[in-house]
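Asks: Sharing a model that was predicted from the sequence below.
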Amino acid sequence: MNKMTKKLFRYFTVLLLFFAITSFIGFSGIFRYFTYHSLESGLKARAGVIASQMEQFLETSGTMRGQGRGAYLRFINDIAMADAYIIDANGNPFTFGSHTAGNVSEDTAQNFRSYKNRAETGNLPGNESLSGSPGNDILEFAMRVFSSGNYEHAYQKAKNGMRVFYAGMPVCRDEKVYAAVVIRDAADISQESLFLAVWILGVCLILTLLVSGVFSIFLSRRFIKPIHQIARTTKELARGNYTVSSNVHDQTELGELATETDLLAEKLEAARQESSRLEQMQKNYISNISHELRTPVTVIRSSLEAVCDGIVTGEKAREYERQILAECVSLQRLINDMLELSRLQHNDFPIEKENMDLSMALDDAVRAVRVLAKDKSISIRYEKEDGDYFLEGDYGRLRQMFVAALDNAIKYSPKESEITVTARKQDGRIHISIKDCGCGIPPEDQAHIFERFYRSSRNRGKGSGLGLAIMKGIADRHQIEIRLESSTDSGTEVLFLKHA
């Protein structure tokens with residue numbers, strides 16, 4: 001049993017013990033209350049029945065003694081199922097059998113008459129205890145019935161811990177209290193009935209504790225299981241295993257935590273793959289830079305060595321010099337492109353923006369590349385809808401962006417083909433399209449075509465691979481969206497979108 005399970009088990013046990021003790025105390029109190037209440041109600045009902053019968057005796061003959069009535073009084077204890085007394089106004093009892101007049105002495109009757117006289121003068125204390133010589137408790141309670149003229153009830157604790165209950169009902173004649181019916185009974189609930197009830201309750205509580213303990217262990221382990229799975233997942237994540245999954249399916253907060261943990265693992269795995277890709281790109285970038293710089297430097301060095309060593313002279317030497325100059329120009333262009341791309345990718349590098357017509361930058365770019373297109377007998381068809389294409393931008397940078405796109409289209413288009421350039425406004429946006437009829441870009445290359453030094457697998461060796469990256473950097477700095485649509489059958493279309 002792990003620590004969390006033990007802790008939860010202790011919590012369950014303490015809670016169950018609290019409920020068990022509370023239930024035990026509550027049950028004992030309720031059991032006593034309802035036992036006493038039931039006894040008191042029964043005494044009241046029986047006293048009322050006896051009092052009613054005595055009133056009928058008085059109505060028929062004016063006395064409670066007579067034929068048939070003596071037998072009723074003789075068995076009144078059996079009728080009442082308790083000790084029953086009928087006391088007249090002078091303290092004389094009418095009971096028979098085991099409770100005859102001999103049970104109440106003359107002294108007790110004298111005390112009763114004294115109580116009565118004191119009650120008539122208003123000197124009987126309301127809280128006087130039911131105690132005294134034998135029979136005094138009966139007479140005192142009967143006196144209360146005479147004093148109130150109504151139903152009376154009370155109880156007192158006996159020396160043995162039992163409760164003795166009294167119920168008294170007046171017997172009236174001509175609207176006066178003629179006698180009092182007093183029933184006395186003891187409630188012995190501390191013996192077999194209470195013991196049996198408590199024993200049954202205790203056994204039930206013990207069984208409940210045992211069953212609940214087993215269930216608490218089961219539920220605790222079931223509750224802990226997803227936590228262990230999540231902990232295992234986090235340990236694997238800490239070790240660098242981002243492909244792990246918690247496999248927890250729960251509708252509670254633990255399920256949400258597991259889902260978030262799995263999502264974190266997926267994002268970490270994606271970040272790892274992206275980091276690996278960027279690391280590989282960096283390696284490729286350094287390799288490409290090294291290659292692009294090494295080629296012109298090697299040509300320049302070998303040519304200079306041939307000229308300096310006198311291996312080539314005359315017209316051949318001037319040809320070498322022209323080659324050195326061309327390589328220097330290529331090297332300078334490469335370095336400028338790298339610096340340009342580095343500047344564009346830093347947002348802190350400022351560009352000069354002003355209100356300008358984007359179509360004018362496009363016109364200038366088309367004019368600039370017509371010479372390159374003419375060398376390959378490529379025609380440029382330029383269509384521009386009427387309207388204004390104003391925005392806040394850097395004219396030179398935007399012209400450079402369009403030149404890079406057109407130069408790329410000319411470079412990869414076959415001879416005697418056509419490049420279509422269109423400019424229009426649609427849905428509140430400026431649409432500029434440059435479409436060629438070249439070989440197209442394979443789908444696997446389209447996602448990386450704007451990366452530095454990246455060149456399509458079909459066009460390795462053409463250019464430095466920085467032109468489209470510079471174009472994308474300029475577009476991003478002007479919040480211009482670039483969309484690329486290409487296929488091997490219909491060429492490539494570059495679409496520039498900008499909110500007017």
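Replies: Arrived safely. Since the model is a prediction, treat every value here as computed from it, not as a measurement. Numbers count the residues shown, from 1 in each chain.
Asks: mind showing which ranges of the stretch 51-200 of the chain have poor pLDDT?
Replies: For the stretch 51-200 of the chain, the stretches with pLDDT under 70 are 61-71, 91-136, 155-161, 187-195.
Asks: quick one, strands of it?
Replies: Secondary structure of the stretch 51-200 of the chain (DSSP state E, counting those that start in this stretch): strands located at 83-88, 152-157, 163-173, 176-187.
Asks: Need those strands in JSON lines (columns: mean neighbour count and distance to residue 233).
Replies: C-beta coordinates here come from the backbone N, C-alpha and C atoms, glycine included. Formatted as JSON lines, the strands of the stretch 51-200 of the chain follow (neighbours: other C-beta atoms under 10 Å; distance: least, C-beta to C-beta, whole Å):
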{"stretch": "strand 83-88", "mean neighbour count": "23", "distance to residue 233": "79"}
{"stretch": "strand 152-157", "mean neighbour count": "16", "distance to residue 233": "68"}
{"stretch": "strand 163-173", "mean neighbour count": "22", "distance to residue 233": "66"}
{"stretch": "strand 176-187", "mean neighbour count": "21", "distance to residue 233": "66"}
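Asks: Let's have those strands in a markdown table, adding distance to residue 444.
Replies: Shown next, in a markdown table, are the strands of the stretch 51-200 of the chain (distance: least, C-beta to C-beta, whole Å):
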| stretch | distance to residue 444 |
| --- | --- |
| strand 83-88 | 109 |
| strand 152-157 | 99 |
| strand 163-173 | 97 |
| strand 176-187 | 96 |
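Asks: low-scoring stretches of the stretch 201-350 of the chain, by residue?
Replies: 285, 288, 291-292, 344-350.
Asks: Residue 208 is in contact with residue 20, correct?
Replies: Yes - counting by C-beta atoms under 8 Å, residue 20 does reach residue 208; the two are 7.1 Å apart.
Asks: Which one's more surrounded, the two?
Replies: residue 20 (18 against 14; other C-beta atoms under 10 Å).
Asks: in which helix or strand would I find the more buried one?
Replies: helix 3-61 (DSSP states H and E).
Asks: Which elements pack onto that helix?
Replies: helix 76-80, strand 83-88, strand 152-157, strand 163-173, strand 176-187, helix 192-238 (3 or more C-beta pairs under 8 Å, 6 or more residues apart in numbering; DSSP states H and E).
Asks: Looking at the ones you listed, spot the one closest to residue 319.
Replies: Closest of the helices and strands packed on helix 3-61 to residue 319 is helix 192-238, at 63.8 Å (criterion: C-beta to C-beta).
Asks: by how many degrees do the very next helix or strand once past that closest one and helix 192-238 diverge?
Replies: Next in sequence after helix 192-238, counting helices and strands by DSSP H and E, comes helix 253-308. Interaxial angle of helix 253-308 relative to helix 192-238 (axes from the mean of the first three to the mean of the last three C-alpha atoms, to 10 degrees): 10 degrees.
Asks: one step back: include distance to residue 429 when you put the helices and strands packed on helix 3-61 into a markdown table, please.
Replies: Supplementary listing: the helices and strands packed on helix 3-61 in a markdown table, determined by distance: least, C-beta to C-beta, whole Å:
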| stretch | distance to residue 429 |
| --- | --- |
| helix 76-80 | 105 |
| strand 83-88 | 108 |
| strand 152-157 | 96 |
| strand 163-173 | 96 |
| strand 176-187 | 96 |
| helix 192-238 | 44 |
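Asks: Compare those and give me the one nearest residue 473.
Replies: Across the helices and strands packed on helix 3-61, residue 473 has its closest neighbour in helix 192-238 (35.5 Å, C-beta to C-beta).
Asks: what helices or strands is the closest one leaning on?
Replies: Counting contacts by 3+ C-beta pairs under 8 Å, 6+ apart, helix 192-238 packs against helix 3-61, helix 253-308.
Asks: Format these as CSV; extra columns: distance to residue 381.
Replies: Listed next are the helices and strands packed on helix 192-238 as CSV, based on distance: least, C-beta to C-beta, whole Å:
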stretch, distance to residue 381
helix 3-61, 75
helix 253-308, 34
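Asks: and of those helices, who's closest to residue 419?
Replies: helix 253-308 (26.8 Å).
Asks: how many other residues sit next to residue 54?
Replies: Look at residue 54: counted by other C-beta under 10 Å, it has 26 neighbours.
Asks: Also residue 253?
Replies: Neighbourhood size, residue 253 [other C-beta under 10 Å]: 8.
Asks: how deep is the nearest residue to residue 248 once chain neighbours are set aside tucked in, by neighbour count?
Replies: The spatially closest residue to residue 248, leaving aside those adjacent along the chain, is residue 258, at 3.5 Å (C-beta to C-beta, 6 or more residues apart in numbering). When counting by other C-beta under 10 Å, one arrives at 22 neighbours for residue 258.
Asks: Tell me how far the residue of the chain positioned farthest from its centre lies from residue 328.
Replies: Distance from the C-alpha centroid of the chain peaks at residue 314, with 87.0 Å (C-alpha atoms, centre = their mean). According to C-beta to C-beta, to the nearest Å, residue 314 and residue 328 sit 22 Å apart.
Asks: I'd assumed residue 177 was in contact with residue 152.
Replies: No - using C-beta under 8 Å as the test, residue 152 is too far from residue 177 to be in contact (11.6 Å).
Asks: Report the set of residues contacting both of those two.
Replies: Common contact partners of residue 152 and residue 177 (C-beta atoms under 8 Å, 6 or more residues apart in numbering): residue 145.
Asks: Which residues are in contact with the residue lying closest to residue 330 once chain neighbours are set aside?
Replies: Leaving aside its chain neighbours, residue 330 sits nearest to residue 296 (5.4 Å; criterion: C-beta to C-beta, 6+ apart). Counting by C-beta under 8 Å, 6+ apart, residue 296 touches 327, 328, 330, 331, 334.
Asks: Can you tell me which of those end up in helices?
Replies: Taking DSSP state H, the ones among the contacts of residue 296 that sit in helices are 327, 328, 330, 331, 334.
Asks: nearest to residue 37, of those residues?
Replies: residue 334 (105.9 Å).
Asks: Could you give the number of residues near that closest one?
Replies: When neighbours are counted by other C-beta under 10 Å, residue 334 comes out with 17.
Asks: before we move on, what about residue 144?
Replies: Residue 144, neighbours per other C-beta under 10 Å, totals 22.
Asks: do you know how far the nearest residue to it once chain neighbours are set aside is from residue 168?
Replies: Of all residues not flanking residue 144 in the chain, residue 152 sits nearest, at 4.8 Å (C-beta to C-beta, 6+ apart). To residue 168, residue 152 is 4 Å away according to C-beta to C-beta.
Asks: any residues in contact with both of these two?
Replies: With C-beta under 8 Å, 6+ apart as the test, residue 152 and residue 168 both reach 141, 144, 145.
Asks: Could you measure from the first one over to residue 153?
Replies: Right, the one you point to is residue 141. Residue 141 is 9 Å from residue 153, by C-beta to C-beta.
Asks: Which neighbours do these two have in common?
Replies: 166, 168.
Asks: My understanding was that the residue nearest to residue 248 contacts residue 250; is that so?
Replies: Yes - under the criterion of C-beta under 8 Å, residue 258 is in contact with residue 250, at a separation of 6.8 Å.
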